[in-house]
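K.L.:
build me a structure from this.
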Amino acid sequence: MGFTFAQQYMGVSVDNDLYFGIDRYYTSGIFLKYGKVINTSIDSTDHWKYKSRHWTLGQEINTPSLRLTKDLAKMDYPYNGWLYIRFEQAHFQHPDLGYSWGFQIGATGAEKSFAKFMQNTYHTYILNLEELSWSFSIPQAYHLNFHTNLMWGKPLNKKFKFVQENQVQLGTFRTSLKTRIGFQMGSMKGLPFFGQRLEELSNGFSTFLGAAFEYNIHDYSLSGSFINDNSPFDFKPYHLRNDLQGGIMFFKKPWKIKVLFHSSSRSISSQKFRRHPYLNITLSRVF
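P.N.:
Got it, this is the predicted structure:
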């Protein structure tokens, strides 16, 4: 079996609700990404012809809707930061059928995740706003999480495809079952809206419309440890969540840009707002 390193990418991906004039709940995510192809259909005799590896350095930040209050009783969502390194290896039989596995290792807490520093620096020097209180936050802890995904697509005609992604997460940070379904329309091949796909790249434009449904068993970012009661917040997380999604993607070698809109349901019963919108913008360069 031969190997090739002909396709690699580097990229940055940003989640933020600032585009909608708000700053609450899951309010910020910044992800630096790198990946490469290990095997392709040309040099592999394996049944799963395409193999790729992906690394992410990520930071996620949660805040309550009343960002400046120091009164614990008025906080409807926890302050939390999650800083991690993620590894993933993907195996595809063909561009419309594959699976992946991987893990995350990282830290939560206002200080260890650098969430308080990053958010308040941005608010003070970029937005010219008052610093957030961060009076209470989900405790500092180190975490190890594993995940596996199954991804597939069923072409309905030349440019219209039904797509689905199923995921299992297990670990000290988050344990959940998740499925994501939708319709992909356009000229791009494979499953470009599911991770950073490198199995078959071609210049083009595609759109996605769908939803994700998740059964949350445990989420440290909302309730703290499942072993001991270490959270200052007394919140009741919802087990069932949903996230409505719609987006566009454009690729003209070597640049790829994706814009994906999210509207997520309540994660905990105390949230004052029924749904939370945020936008993901991803820019990648393939080489």
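K.L.:
give me the distance between residue 52 and residue 97.
P.N.:
14 Å (Cβ to Cβ, to the nearest Å). For the C-beta atoms, the positions are set from N, CA and C on the backbone; glycine is no exception.
K.L.:
looking at those two, which is more packed in?
P.N.:
Each of residue 52 and residue 97 has its neighbours counted (other Cβ atoms under 10 Å); residue 52 has more, 25 against 17.
K.L.:
in the sheet, which residues pair with that one? Tell me.
P.N.:
Per DSSP bridges, residues listed as beta-bridge partners of residue 52: residue 37, residue 90.
K.L.:
ok, it touching residue 95?
P.N.:
No. Look at residue 52 against residue 95 with Cβ atoms under 8 Å: they stay out of range, at 11.7 Å.
K.L.:
need the residues touching each of the two.
P.N.:
Taking Cβ atoms under 8 Å, 6 or more residues apart in numbering as the criterion, residue 52 and residue 95 both touch residue 199.
K.L.:
just the helices in the stretch 151-287 of the chain please.
P.N.:
Assigned by DSSP state H, counting those that start in this stretch, the stretch 151-287 of the chain shows helices spanning 220-223.
K.L.:
tally of neighbours for residue 234?
P.N.:
There are 10 residues near residue 234, going by other Cβ under 10 Å.
K.L.:
again with residue 165
P.N.:
The burial count for residue 165: 22, using other Cβ under 10 Å.
K.L.:
the one 4 residues further on too?
P.N.:
Residue 169 sits with 21 neighbouring residues when counted by other Cβ under 10 Å.
K.L.:
not counting sequence-adjacent ones, nearest residue to residue 152?
P.N.:
Leaving out its chain neighbours, the residue that sits closest to residue 152 by Cβ to Cβ, 6 or more residues apart in numbering is residue 97, at 4.8 Å.
K.L.:
beta partners of residue 31?
P.N.:
When bridges are called by DSSP bridges, residue 31 pairs up with residue 13, residue 58.
K.L.:
which residues does it contact?
P.N.:
12, 13, 14, 56, 57, 58, 59.
K.L.:
and residue 200, by the same measure?
P.N.:
Residue 200 touches 95, 189, 190, counting by Cβ under 8 Å, 6+ apart.
K.L.:
looking at it, residue 209 is touching residue 248, isn't it?
P.N.:
No. At 10.2 Å, residue 209 and residue 248 do not qualify as touching, with contact defined as Cβ under 8 Å.
K.L.:
still on that earlier bit, adding neighbour count and pLDDT, write the contacts of residue 200 out as TSV.
P.N.:
Conversion of the contacts of residue 200 to TSV gives the following (neighbours: other Cβ atoms under 10 Å; pLDDT from 0 to 100):
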residue	neighbour count	pLDDT
95	20	93
189	17	92
190	25	95
